[in-house]
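Give me the fold of what follows.
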Amino acid sequence: MPRDFQFRWKRYSLSILRDIVIFTTIIVLGLIFYGDYILYKIPGNLTLTLYSYTFFGMIVVSIIIYLFRQTTFEEENYSRAFTLLKIGLGTLWLIDGILQLQPEMPYVFLPYVIIPIMTSTSGSLYNIILFGVNIWSLHPVIFNATAAVTQLFIGIGLLIKLNKKGNVLILIVSSAWSLILWIFGEGFGGIFQAGSSFLSGLPGSALVYLIISIYLLLVIAGYEIKWIIPVFMAALFSISFILQAIPASQFWSGYSLSRIPYNLIFLYQPRFLSDSFLYFTNTFITYDFYWNLFFSVYFAVCAMAWLYRPFFAALLTIPITLFSWWVGQDFGIVSGYGTDPNSGLPLLIICVFILIYTLPSRNYFPLHVLKEQLSSKIQ
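All right, here's what the predicted structure looks like:
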């Protein structure tokens with residue numbers, strides 16, 4: 001087969017895949033907004049105010065992006081995997097910004113998203129989240145519009161070509177905003193909450209955004225620290241194993257494990273999803289010990305694999321991430337209250353990135369790379 005034909009076919013197939021993803025995303029987001037207008041009776045003046053603030057905010061965003069546009073040809077020596085990761089993060093932020101503009105979000109965000117997190121948090125963590133709640137309550141429409149505009153700004157900035165200063169600015173904003181969302185919007189991703197699990201969204205999508213943003217920022221700055229993402233994934237699965245296995249989480253017996261899919265049954269969504277959550281609720285109740293043993297062992301194996309064989313660890317992570325994104329997270333946005341696809345989708349993007357990045361050399365050892373870097377600095 002001629003090389004030119006292979007190149008054109010590859011480019012054509014990628015174009016089709018891109019169009020399918022865009023079309024699917026538009027349909028899903030359109031159905032979510034349609035469901036919002038049916039379920040919620042939001043006063044028209046509040047919706048108009050929200051979108052008015054957003055409109056003027058996007059004017060500012062457009063000016064900033066225009067000033068940092070790429071005016072001269074700059075050869076970028078970034079790999080295909082880096083570009084995919086950057087586009088993936090930009091798409092996630094763009095979806096988050098659109099979801100933040102759901103008309104009921106200024107007043108649903110606190111009672112249905114933040115307050116449930118606070119009820120399972122105590123001490124200083126409770127006070128930290130309460131600080132954010134009190135600020136949001138001062139003017140929820142303005143702050144909701146600000147959150148949406150910030151996320152749209154990051155998403156658009158990552159998806160289009162900017163100069164180096166523009167990319168650095170976008171990724172700094174992405175890192176800072178991810179940290180703010182992880183603390184005040186996700187309550188530290190549930191890491192310090194009783195009954196948290198990888199199945200239900202641990203460690204929170206914002207923390208994954210933060211790690212990806214830092215990695216991309218370092219690469220653009222000329223410091224490609226290869227072990228950051230594998231070590232992060234290893235730490236994630238180590239914490240997931242501990243939380244899944246310790247008796248205090250009560251996943252070995254009782255109803256703690258079954259509550260994860262059970263909490264999703266009565267949300268507004270297609271019937272087949274509700275039926276699947278009901279099925280797993282029943283099977284988790286009946287075989288709770290064996291299911292928890294399976295999850296605990298799986299998380300432990302993933303943690304070890306990410307330290308020594310990231311390529312195979314990514315292959316191993318994809319099935320359990322897809323399962324948790326479905327059974328424990330309802331794909332993040334299907335229920336109508338979600339402001340992001342939850343941790344499932346960004347973790348899948350990381351896995352795809354690792355598969356492409358490490359494909360030429362499957363024997364990539366992040367721990368060995370880390371030791372070599374440390375020894376070279378000491379010498």
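
Which pLDDT value goes with residue 65?
At residue 65, the predicted lDDT confidence score is 93.

Check residue 6 too.
At residue 6, pLDDT is 53.

do residue 223 as well
pLDDT, residue 223: 84.

next one: residue 44
66.

got it, and the one 10 residues further on?
For residue 54, the model assigns a pLDDT of 94.

Can you name the residues that contact it?
Contacts of residue 54 were listed using CB atoms under 8 Å, 6 or more residues apart in numbering, and they are 101, 145, 148-149. To be clear about C-beta, it is placed using only N, CA and C from the backbone, and glycine gets the same treatment.

List the contacts of the residue positioned nearest the centre of the chain.
The chain has residue 205 as the residue nearest its centroid, 3.3 Å off, counting by CA atoms, centre = their mean. With CB under 8 Å, 6+ apart as the criterion, the residues that contact residue 205 are 92, 186, 332, 340-343, 345-346.

change it to 6 Å
Residue 205 sits next to 340, 342-343, 346 when contact means CB atoms under 6 Å, 6 or more residues apart in numbering.

before we move on, back to that, can you select the buried ones from the contacts of residue 54 in PyMOL?
Burial among the contacts of residue 54 is assessed by 16 or more other CB atoms under 10 Å; the matching PyMOL selection reads:
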select buried, resi 101+145+148+149
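
Could you dump the contacts of residue 54 into CSV and include distance to residue 285, pLDDT and secondary structure?
Supplementary listing: these in CSV, determined by distance: CB to CB, whole Å; pLDDT from 0 to 100; DSSP: H, G, I helix; E, B strand; the rest coil:
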residue, distance to residue 285, pLDDT, secondary structure
101, 39, 88, coil
145, 43, 95, helix
148, 40, 95, helix
149, 44, 96, helix
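
And the contacts of residue 54, which is closest to residue 327?
If you rank these by distance to residue 327 using CB to CB, residue 101 comes first, at 28.2 Å.

Next one: the residue nearest to the closest one when sequence neighbours are not counted from residue 58, what distance?
Of all residues not flanking residue 101 in the chain, residue 148 sits nearest, at 4.8 Å (CB to CB, 6 or more residues apart in numbering). Here the distance between residue 148 and residue 58 works out to 9 Å (CB to CB, to the nearest Å).

Likewise for residue 30?
20 Å.

coming back round to it: pLDDT for the contacts of residue 205 - can I get that in JSON lines?
Compiled in JSON lines, the contacts of residue 205 are given as follows (pLDDT from 0 to 100):
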{"residue": "340", "pLDDT": "88"}
{"residue": "342", "pLDDT": "92"}
{"residue": "343", "pLDDT": "94"}
{"residue": "346", "pLDDT": "96"}
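
Can you select the buried ones from those in PyMOL?
The buried residues among those can be selected in PyMOL (16+ other CB under 10 Å) with this line:
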select buried, resi 340+342+343+346
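
Between residue 30 and residue 58, point out the one with more neighbours.
Taking other CB atoms under 10 Å, residue 30 and residue 58 do not tie; residue 58 has more neighbours (17 against 10).

how would you label the more buried one: helix, strand or coil?
State at residue 58, reduced to three classes by DSSP: H, G, I helix; E, B strand; the rest coil: helix.

For residue 359, grab the count of nearby residues.
When neighbours are counted by other CB under 10 Å, residue 359 registers 11.

How about it, nearest residue that isn't a chain neighbour?
Residue 359 sits nearest to residue 311 (CB to CB, 6+ apart), 7.0 Å away.

surely the one you found meets residue 358?
Yes: because the distance of 4.4 Å satisfies CB atoms under 6 Å, residue 311 is recorded as touching residue 358.

Looking at these two, which one has more neighbours?
residue 358 (21 against 17).

Would you confirm that that one contacts residue 309?
No: here residue 358 lies out of contact with residue 309, judged by CB under 6 Å, at a distance of 9.0 Å.

All the strands of the stretch 251-379 of the chain, in order from the start?
Read by DSSP state E, counting those that start in this stretch, the stretch 251-379 of the chain holds no strands at all.

Where does pLDDT dip in it?
Within the stretch 251-379 of the chain, the ranges that satisfy pLDDT under 70 run 335-337, 360-379.

quick revisit: residues touching the residue nearest to residue 101, list them.
Taking CB under 6 Å, 6+ apart as the criterion, residue 148 is in contact with 54, 97, 100-101.

Buried residues, stretch 186-205. List them.
Buried residues in stretch 186-205, defined by neighbour count with 16+ other CB under 10 Å: 186-191, 193, 195-205.

should've said stretch 211-230
Within stretch 211-230, the residues that qualify as buried by neighbour count (16+ other CB under 10 Å) are 211-217, 219-220, 226-230.

do stretch 169-179 as well
Under the neighbour-count criterion of 16+ other CB under 10 Å, stretch 169-179 has 169-171, 173-175, 177-178 buried.

sorry, back to before: and the residue nearest to residue 359, how far from residue 319?
The gap separating residue 311 from residue 319 is 15 Å, by CB to CB.

can you check residue 212 too?
Taking CB to CB as the measure, residue 212 falls 21 Å from residue 319.

Ok, residue 268 next?
Counting by CB to CB - residue 268 and residue 319 are separated by 28 Å.

Those two: which is more packed in?
residue 268 (14 against 10).

does residue 196 really touch residue 190, like I thought?
Yes: distance between residue 196 and residue 190: 3.8 Å, which falls inside the contact criterion (CB under 6 Å).
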